[in-house]
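Engineer: I'll drop the sequence and a predicted model, then ask my questions.
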Amino acid sequence: MLDIQNITISYKDRPTVKDFSLHLGEGEICSLVGESGSGKTTVIRAVLGLLAGGGYVSKGDILFEGKSLLKNTPAQWRALRGTDISMIFQDSGAMLNPTRKIGDLFVEYIKTHENISKKDAWDKGVSMLERMRLPDGNNIMKSYSFQLSGGMRQRVGIAMAMTYNPKLLLADEPTSALDVTTQAQIVRQMMELRDDFGTSIIIVTHNLGVAAYMANKIVVMKNGEITDAGSREDILGGKHSDYTQKLLEAVPSLGGKRYV
């Protein structure tokens, strides 16, 4: 489904991500793990064609279902984003306009991608919110983002991202701003989306515990380069570098028991 072929991502001719490759099949989940500034978010933004500040792919290619994303026109990107490829941001609440109600934003989003009446778009939004286990979706649609908790806002972001059952979901630290109980709920819901719709997921996270629970594949990055890549079993089972070992040792234990 997704084939990232040895890409280098540059800003003003200065490479920040070097020689990154990844193959992701249908229904697979890959976790990108590493410290801040290692290039994780840059990679998924490149996949969605959303590199900021003049960033560009200076080498390699990104193929989605056999077609190069780097050759997409603006019209092709508009058709692809939010339908076949969606993204969940680190704090979905920050991406929601606080002066507009959730329903206004959701209806506009749906009508951008589909020729549908406002009422049908509203009903579709309510249905998606309730699928994300938000109680009384109609009331959520009538609320402003600042009236919702962090976990509720994140569920709204996931609901919008999953409206068209994307083939590929890109998640940028989707649980980092949430309490541990809500983190667990969000992770379980993302796993259910994979199970229900066969969605492939790339999740950026600092949390190796999340990566260990969710991912089929783990890619560890440092300073814009891959230090380790492989199956979850290989990476957690000892086939890794000293840097990855330090990340594993930093995961706290519970009652003397380690879970990664």
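Structural biologist: That came through fine.
Engineer: what about the stretch 151-260 of the chain, any weak spots by pLDDT?
Structural biologist: Along the stretch 151-260 of the chain, segments meeting pLDDT under 70 span 177, 252-260.
Engineer: Show me the strands in it, by range?
Structural biologist: 168-172, 200-205, 217-222, 225-231 (DSSP state E, counting those that start in this stretch).
Engineer: Could you dump those strands into TSV and include distance to residue 178 and mean neighbour count?
Structural biologist: To be clear about C-beta, it is placed using only N, CA and C from the backbone, and glycine gets the same treatment. Listed next are these as TSV, based on distance: least, Cβ to Cβ, whole Å; neighbours: other Cβ atoms under 10 Å:
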stretch	distance to residue 178	mean neighbour count
strand 168-172	13	24
strand 200-205	12	25
strand 217-222	21	23
strand 225-231	27	17
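Engineer: got those as CSV, with distance to residue 107 columns?
Structural biologist: CSV is the format used below for those (distance: least, Cβ to Cβ, whole Å):
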stretch, distance to residue 107
strand 168-172, 22
strand 200-205, 26
strand 217-222, 37
strand 225-231, 41
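Engineer: Looking at those strands, spot the one closest to residue 35.
Structural biologist: With Cβ to Cβ as the measure, strand 217-222 is the member of the strands of the stretch 151-260 of the chain nearest residue 35 (6.8 Å).
Engineer: now the closest one, how far from the chain's geometric center?
Structural biologist: 15 Å (Cα atoms, centre = their mean, to the nearest Å).
Engineer: Direction included, what does it pair against?
Structural biologist: Strand 217-222 sits in its sheet next to strand 29-34 (parallel), strand 225-231 (antiparallel), going by DSSP bridges.
Engineer: Which one, of those, ends up nearest to residue 85?
Structural biologist: strand 29-34 (14.4 Å).
Engineer: In contact with residue 50: list those residues for me.
Structural biologist: By Cβ atoms under 8 Å, 6 or more residues apart in numbering, residue 50 lies in contact with residue 87.
Engineer: So for residue 19, which of the strands of the stretch 151-260 of the chain sits nearest?
Structural biologist: Of all the strands of the stretch 151-260 of the chain, strand 225-231 sits nearest to residue 19, with 6.9 Å by Cβ to Cβ.
Engineer: what sits up against that closest one?
Structural biologist: With Cβ under 8 Å, 6+ apart as the contact definition, strand 225-231 has outside contacts at 17-22, 34, 39, 216-221, 235, 239-241, 243-244.
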